[in-house]
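**Student:** coordinates for the following, if possible.
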Amino acid sequence: MDPILNPYTPGAGSPPPELAGRDAIREQVRIAIARIKTGRAAKSVLIVGLRGVGKTVLLDKMRLEAEASGAQTIRIEAPENRSLPALIAPQLRLALLRLSRVESAKDIAQRGLRALTGFAKGLKVKFNDIEVGFDFDPEPGLADNGDLEGDLAALLEQTGKAAQGAGTAVVMFIDELQYVPEEQLAALISALHRCSQAQLPITLVGAGLPQLRGRCGNAKSYAERLFDFPEIGPLAGPAAYQAIEKPALEEGVAYQPGAIDLILEKTHGYPYFLQEWGKHAWDVAAASPITIVDVETASIEAVAALDESFFRVRFDRLTPTEKKYLRAMAELGPGPHRSGDIAERLRRPVSGLAPIRNALINKGMVWSPSHGDTAFTVPLFDEFMHRIMPGNDWNTV
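**Tutor:** Numbers count the residues shown, from 1 in each chain. Coordinates of the predicted model:
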């Protein structure tokens, strides 16, 4: 079939043709934003889930919906090597500049821009990666103490007041939140808490790996009362079928009975994998309907594509000892696995493996569903580890 008309979109953060199964979370965020606009209380929302479940896609979709409702939004992805102040300062500047063009919020927004100048200058020594334009001179004593927790609270408070003056809300969309260092995460939580207490229309919609819940709780004990933590996972039932079938039908292409079931079996319903299998099934099919044989052939190509991109890019970041640890996990199956069982496979004491496990958690490769358990954050990574490190040579002393 014509590859130009292929409707499927595998890729990091690429929006799928059909965002199936996520309506409840989208509605939750819509209501929260509408409530804070009117001065009513609403929790910030932090979406958690494994790699490949569509957190980034969902975050971007909700940001567009928030903007369509009239909210001011900022979009941040938190990498491992940048500070939160460096990421948030330029985006808050843009939001404040937009708010300053609203006559009813002009003076408050300009004070917010003065707060931003004080914030950046006060924290420049501690966070030397802060780079932001200065539109106004700082106001002495406003967000310029050099203390992240207090200064960020003052800056967000001023931003919230500007949004209030403009009759709107500021919504911060932050992806990969699990990479924000705990001290900086604590400052962000504290600042949002102060704004919530003041009933200011500023909120956070974030996304991260499952360990984000624990990191927030460790950073501030009241985080569980400030945030909702909806968890998203693989699609099941009608939503999974819809994600595969509807885009094809819109192009006049059908699936043979059983073909979609086979795709769901191969992908376990994970949205990223559904797009990968759909793309390859379309490309190998000669004509409609796409058959079970087409899906079988496509599965070989889809696995090869994942091995060279989705899986490989994560594998290549690992040290030899980290690879060996993950291969031991894979030997035990998909998981989660007890730390003692992994140590037994590696013929090492549990205490000696703790630094490796912690490094893998920090890299976002594994997480701990419960005390003493370790699980992959990347679905089907156990199968990949068997392919990339076959046999038993990996465990030789």
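**Student:** state the mean pLDDT of the helix or strand where Ser196 lies.
**Tutor:** Using DSSP states H and E, Ser196 sits within helix 182-197. When pLDDT is averaged along helix 182-197, the result is 96.
**Student:** and for stretch 305-325?
**Tutor:** 94.
**Student:** contact partners of the helix holding Ser196?
**Tutor:** By CB atoms under 8 Å, 6 or more residues apart in numbering, the residues outside helix 182-197 that reach it are 41, 44, 83-85, 148-149, 152-153, 155-157, 160, 177, 180, 202-204, 215-216, 218-220, 222-223, 226. C-beta coordinates here come from the backbone N, C-alpha and C atoms, glycine included.
**Student:** now with 6 Å?
**Tutor:** Applying CB atoms under 6 Å, 6 or more residues apart in numbering, the contact partners of helix 182-197 are 44, 84, 148-149, 152-153, 156-157, 160, 202, 204, 219-220, 223, 226.
**Student:** which two of these have the greatest separation?
**Tutor:** Using CB to CB, the pair of these lying farthest apart is Gly160 and Ala219, separated by 20.8 Å.
**Student:** the two: who's more crowded?
**Tutor:** Applying other CB atoms under 10 Å to Gly160 and Ala219 shows that Gly160 carries more neighbours, namely 26 against 19.
**Student:** test my guess that the more buried one contacts Gln199.
**Tutor:** No. With contact defined as CB atoms under 6 Å, Gly160 does not reach Gln199; the gap is 9.0 Å.
**Student:** please save the CA atoms from the helix holding Ser196 in CSV.
**Tutor:** What follows is helix 182-197, C-alpha atoms only, in CSV (Å, rounded to 0.1, in the frame of the first residue of the first chain):
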residue,chain,number,x,y,z
GLU,A,182,15.1,16.6,44.9
GLU,A,183,16.0,20.0,46.3
GLN,A,184,14.7,21.7,43.2
LEU,A,185,11.6,19.6,43.1
ALA,A,186,11.0,20.5,46.8
ALA,A,187,11.2,24.2,45.9
LEU,A,188,8.7,23.8,43.1
ILE,A,189,6.3,21.9,45.3
SER,A,190,6.6,24.5,48.0
ALA,A,191,6.0,27.4,45.5
LEU,A,192,2.9,25.7,44.1
HIS,A,193,1.6,25.1,47.7
ARG,A,194,1.9,28.8,48.4
CYS,A,195,0.1,29.7,45.2
SER,A,196,-2.6,27.2,46.0
GLN,A,197,-3.1,28.7,49.5
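**Student:** can you give the distance of that helix from its chain's centre?
**Tutor:** With CA atoms, centre = their mean, to the nearest Å as the basis, helix 182-197 stands 19 Å off its chain's centre.
**Student:** please apply the same query to stretch 155-174.
**Tutor:** When distances are taken as CA atoms, centre = their mean, stretch 155-174 is centred 22 Å away from the chain's centroid.
**Student:** contacts for it, please.
**Tutor:** Applying CB under 6 Å, 6+ apart, the contact partners of stretch 155-174 are 33, 36-37, 59, 63, 66, 70-76, 92, 95, 99, 102, 104-105, 108-109, 111-112, 115, 119, 143, 191, 195, 200-206.
**Student:** ok, Asn362 - how many residues close by?
**Tutor:** Neighbours of Asn362 (other CB under 10 Å): 13.
**Student:** the nearest residue to it once chain neighbours are set aside in helix, strand or coil?
**Tutor:** Counting by CB to CB, 6 or more residues apart in numbering, Glu80 is the residue found nearest to Asn362 once chain neighbours are left out, at 8.0 Å. When classified by DSSP: H, G, I helix; E, B strand; the rest coil, Glu80 comes out as coil.
**Student:** could you say which helix or strand contains the spatially closest residue to Ala285 that is not a sequence neighbour?
**Tutor:** The shortest distance from Ala285 to any non-neighbouring residue, by CB to CB, 6+ apart, is to Asp294 (4.4 Å). Element membership for Asp294 (DSSP H and E) is helix 292-308.
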